[in-house]
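> This is the structure alone, sequence omitted:
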């Protein structure tokens, strides 16, 4: 059954505790965090929370968000430290109404104009420095401009033969149109072999003497990554598709980000009106970070009825390759590493996520590593995720106390993950 998991809970009206209200739409000139004069920003609310933890006698502090999108100023990360929690007091982040507040990295794109009328492609400007591997239109994930699936005409040169001019340098294709691409070095070749979905960017594109197109990887570029792709236990054979070029934008629902001209291109689906559509590009990689130590874990925090949405993960672009492993890990220069998380916890105690949504996130949705103890993830929904939903523990860590803990303070123990509804995940990695 695809019916979401549910659990029965008892609701009680809360009358005790200190309440700090936040409303991004507040118009008051003087804010004090009360219901009628709420804080307008997360930054102001966090400052008041820290002051309250140091001064209030109440056992519970509620940070109550009215409907809206919240993130620290300039698309920062909501970073909670020792100043934001207490061993004696519990801090609860929650929404005031059923229209839940959103901890969101959404950058809303407007001002689309026609770019190519014949092809139905529109263009809009984005702020300089914008970079993302995802775009959403009315909440629906768009597809990075790509070729057809199961693309034809490629030959894998594999490791080649010593002395061959293309030794260790990739593939050839019969499609000469690649030679005219404006930014060939941004092309990504996507390989799907068994359970691996891997990407690698091209270093050079050139024409061979016999009229083929050579996709090359240089020693100063991606040659090492290409060799790894060809030598792993599920070696790359032929690309399933090629993506990330304006020249490939030819299907409804496809998009392309030009980071040089700072423009987004999009071909709307037949049911979309680009003038009224909510077009969102995630502007951050990490929404929330809660990072303690084994000797001073962070805790006594609770998140209820909050949505965490719209984050990306640009490592595959910045690294120009993504060689994935098992359990949300990927290969790097040190051997392997767990993917980043949109919401990250490390060395924590007594943190709860209850009835929250995690959606439209470009990496692991909820990543919990280090000594994670007495934490609960109950009754949440995880969907439309590029990576996995929940990671508890770090299987790729080389730290001795992580892999073979002998002291209790290093243990991952007494955690409950239950009744969560997880669907449409690992769509990219």
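In hand now; what should we look at? Please read all numbers here as calculations on a predicted model, not as lab measurements.
> residue contacts, the residue nearest the centre of the chain?
Closest to where the C-alpha atoms of the chain average out (C-alpha atoms, centre = their mean) is residue 362, at 2.3 Å. Neighbour list for residue 362: 132-134, 282, 285, 311-313, 342, 386-387, 428 [criterion: C-beta atoms under 8 Å, 6 or more residues apart in numbering]. C-beta: built from backbone N, CA, C; applies to glycine.
> Need the pLDDT of residue 12.
Reported pLDDT at residue 12 in the predicted model: 57.
> so how far is residue 223 from the residue lying closest to residue 204 once chain neighbours are set aside?
Sequence neighbours aside, residue 216 is the residue nearest to residue 204 in space, at 3.9 Å (criterion: C-beta to C-beta, 6 or more residues apart in numbering). With distances taken as C-beta to C-beta, to the nearest Å, residue 216 is found 9 Å from residue 223.
> and what of residue 175?
Relative to residue 223, and taking C-beta to C-beta, residue 175 is found at 23 Å.
> And for residue 268?
39 Å.
> ok, these two, which is more surrounded?
Neighbour count, other C-beta atoms under 10 Å: between residue 268 and residue 223, residue 268 has more, with 20 against 17.
> tell me, which helix in the chain spans the most residues?
helix 42-55 (DSSP state H).
> Quick check: next helix or strand after the helix or strand containing residue 281?
Following DSSP states H and E, one finds residue 281 within strand 279-282. Per DSSP H and E, strand 279-282 leads on to strand 288-291 as the next helix or strand towards the C-terminus.
> What's the mean pLDDT across that following strand?
98.
> contacts for it?
Contacts for strand 288-291 (C-beta under 8 Å, 6+ apart): 77-81, 103, 298, 301, 308, 342-348, 351.
> same thing but at 10 Å, please
Outside strand 288-291, the residues within contact range by C-beta atoms under 10 Å, 6 or more residues apart in numbering are 71, 77-81, 84-85, 93, 103, 297-299, 301, 303, 306, 308, 311, 341-348, 351, 366-370.
> again with stretch 110-125
By C-beta under 10 Å, 6+ apart, the residues outside stretch 110-125 that reach it are 109, 126, 145, 246, 249-250, 252, 254-256, 258, 261-268, 270, 274-275, 277-279, 281.
> Restricted to strands, list these.
Among the contacts of stretch 110-125, the ones falling in strands (DSSP state E) are 109, 254-256, 258, 263-266, 279, 281.
> between the residues you listed, which has the most around it?
Counting neighbours by other C-beta under 10 Å, residue 266 leads the ones in strands among the contacts of stretch 110-125 with 28 neighbours.
> mind listing what residue 296 touches?
Here residue 296 is in contact with 82, 87, 347, 349 (C-beta under 10 Å, 6+ apart).
> Of those, which pair is most distant in space?
With C-beta to C-beta as the measure, no two of the contacts of residue 296 lie farther apart than 87 and 347, at 14.4 Å.
> So residue 197, which state does it fall into?
strand (DSSP: H, G, I helix; E, B strand; the rest coil).
> tell me the pLDDT at it?
If you check residue 197, the pLDDT there is 88.
> Next one: residue 414 from residue 408, what distance?
Distance from residue 414 to residue 408, by C-beta to C-beta: 11 Å.
> do the same with residue 200
43 Å.
> More neighbours: which of these two?
Between residue 200 and residue 408, residue 200 has the larger neighbour count (other C-beta under 10 Å), namely 26 against 10.
> element containing residue 349?
Per DSSP H and E: strand 341-354 holds residue 349.
> gap between that strand and the chain center?
16 Å (C-alpha atoms, centre = their mean, to the nearest Å).
> Averaged pLDDT, it. What do you get?
Throughout strand 341-354, pLDDT has a mean value of 98.
> thought residue 89 was touching residue 59?
Yes: taking C-beta atoms under 10 Å as the definition, residue 89 is a contact partner of residue 59 at 5.8 Å.
> between these two, who's got more neighbours?
Neighbour count, other C-beta under 10 Å: between residue 89 and residue 59, residue 89 has more, with 17 against 12.
> Cool, thanks, talk later.
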